[in-house]
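**Student:** Predicted model, plus sequence, below.
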Amino acid sequence: MTDLAHEGDVTAEDHHDEHESLGMDARKLGMWVFLSSEFLFFGALMTNYLLYSNRPGLADPYPGTIYDIPFTSVSSFVLLMSSLTMVLAHAALERDDQHQTRTWLFATAALGSIFLGGQVFEFYEFITHDGMTLTTSPVASAFYVLTGFHGLHVAIGILMLLSLWGIGHSQGALSDKRGFNVELVGLYWHFVDIIWIVIFTVVYLLSTS
Amino acid sequence: MSDGAHHTPSTSQYWKIALGLAVITALEVSLYYIDNALELGVLNAAMLIGLSLLKFVVVVGWFMHLRFEKPSLSRFFTGGFILAISLYAVVLGFMAAAVLRS
């Protein structure tokens, strides 16, 4: 029995070492590399938007003239606060407080959903009320592609958060392996937040000022 | 769980950081309205980019724990970030110049 337990420990340790042969957990390093590639992806979309913004001769309406800054400011604040709830979920898991972990994970997903709902409402208003569609002008296309892809990333993040919340709820507790996933999903979620920090300033505040 | 978990901020510190981020966001929005009234121009752009960069650094450093990770990871991300920004700045500059010439 003791031998078997010892054998089990060695296997778990080997498994742990296997993930840390690079000096840090390979899954975490993988997530950072993935997020760096995502940063390049959004950088290209943002450059595309900047290239077409303030360019004369494009069809109306120009996105900068129809942005609802107070509304987007509230959306940005909601997404920013979801980063707080995400990090609180991670901190609760480190204290092994499973109930609080699930609560904060759900709160993060809820705040993300509010942000996403706001974006859908904004797109609906732009299309139906202001007449700015995907094909109105290159700058309108650039705007929808950039913010649309960001929204898609938020939606994927919400699905991951709800999956973790569901697993934690159904199994009573998140295991070490699942707990590590909270950290990885957290990295992804914060990344989505920092991309919006840049979009909010560059696309919304600077385009309209 | 985290590689650098022993150094990460406490729950109350996370709340304080979030409060700071909220204040910076409020400042950004205020600057937008101040610029509409006073037309600060380049100064407004510089301040907005500066505040945005500050928020970016705080979220990456404290919420994503990059500040508490191994220095090699920080160098990897910071170096990549600077390279990426430089690349896009150069591309944007060249393309903007081409547009102005045409």
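**Tutor:** Received the coordinates, thanks. Numbers count the residues shown, from 1 in each chain, chains lettered A, B, ... in the order given.
**Student:** So A:Arg31 sits against A:Trp189, correct?
**Tutor:** Just so we're on the same page, residue A:31 is Met rather than Arg. No. At 11.3 Å, A:Met31 does not count as touching A:Trp189 under the criterion of CB atoms under 8 Å. (C-beta placed from N, C-alpha, C; glycine too.)
**Student:** These two: which is more packed in?
**Tutor:** The residue with more neighbours, out of A:Met31 and A:Trp189, is A:Trp189; 28 against 18, by other CB atoms under 10 Å in any protein chain shown.
**Student:** Could you pull up the residues touching the more buried one?
**Tutor:** Neighbouring residues of A:Trp189 by CB atoms under 8 Å, 6 or more residues apart in numbering or on different chains: A:Ser82, A:Ser83, A:Met86, A:Thr108, A:Gly112, A:Gly157, A:Leu161.
**Student:** Now with 7 Å, please.
**Tutor:** Contacts here follow CB atoms under 7 Å, 6 or more residues apart in numbering or on different chains; on that basis A:Trp189 touches A:Ser83, A:Met86, A:Thr108, A:Gly157.
**Student:** and the closest residue to A:Pro63 other than its chain neighbours, what does it touch?
**Tutor:** Spatially, and ignoring its direct neighbours in sequence, A:Pro63 is nearest to A:Phe143 (4.7 Å; CB to CB, 6 or more residues apart in numbering or on different chains). Going by CB under 7 Å, 6+ apart, A:Phe143 touches A:Tyr49, A:Pro63, A:Val203.
**Student:** Helix, strand or coil: sort out the last one for me.
**Tutor:** Okay, so that is A:Val203. A:Val203 falls in the helix class when you classify it by DSSP: H, G, I helix; E, B strand; the rest coil.
**Student:** wait, it sits on A:Tyr49?
**Tutor:** Yes. If you go by CB atoms under 7 Å, A:Val203 and A:Tyr49 touch, sitting 6.2 Å apart.
**Student:** Give me the common contacts of the two.
**Tutor:** Residues touching both A:Val203 and A:Tyr49 (CB under 7 Å, 6+ apart): A:Phe143, A:Leu146.
**Student:** Spell out which residues of chain B are next to chain A.
**Tutor:** B:1-3, B:5, B:11, B:14, B:18, B:21-22, B:25, B:28-29, B:32, B:35-36, B:44-45, B:48-49, B:52, B:55-56, B:59-60, B:63-64, B:70, B:73, B:77, B:80, B:84, B:88, B:91-92, B:95-96, B:99 (CB under 7 Å from any CB of the partner chain).
**Student:** Out of those, which end up buried?
**Tutor:** Buried members of the residues of chain B next to chain A, counted by 16 or more other CB atoms under 10 Å in any protein chain shown: B:2-3, B:14, B:18, B:21, B:25, B:28-29, B:32, B:35, B:44-45, B:48, B:52, B:55-56, B:59-60, B:63-64, B:73, B:77, B:80, B:84, B:88.
**Student:** Just name the closest of the contacts of A:Phe143 to A:Thr135, please.
**Tutor:** A:Pro63 (13.7 Å; CB to CB).
**Student:** which ones are touching that closest one?
**Tutor:** Counting by CB under 7 Å, 6+ apart, A:Pro63 has contacts A:Met132, A:Val139, A:Ala140, A:Phe143, A:Ser207.
**Student:** Surely the last one and A:Gly64 touch.
**Tutor:** Think A:Ser207. Yes. Using CB under 7 Å, A:Ser207 makes contact with A:Gly64 at a distance of 3.9 Å.
**Student:** quick one, helices of chain B?
**Tutor:** Using DSSP state H, the helices of chain B run over B:11-38, B:42-58, B:71-101.
**Student:** nope, chain A is what I was after
**Tutor:** With DSSP H as the criterion, chain A has helices at A:2-19, A:26-52, A:63-66, A:69-94, A:98-128, A:138-171, A:176-199, A:206-208.
**Student:** Reformat those into TSV and put mean pLDDT next to each item.
**Tutor:** Shown next, in TSV, are the helices of chain A (pLDDT from 0 to 100):
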stretch	mean pLDDT
helix A:2-19	48
helix A:26-52	89
helix A:63-66	81
helix A:69-94	94
helix A:98-128	95
helix A:138-171	93
helix A:176-199	89
helix A:206-208	76
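**Student:** So for B:Leu40, which of those sits nearest?
**Tutor:** helix A:206-208 (11.9 Å).
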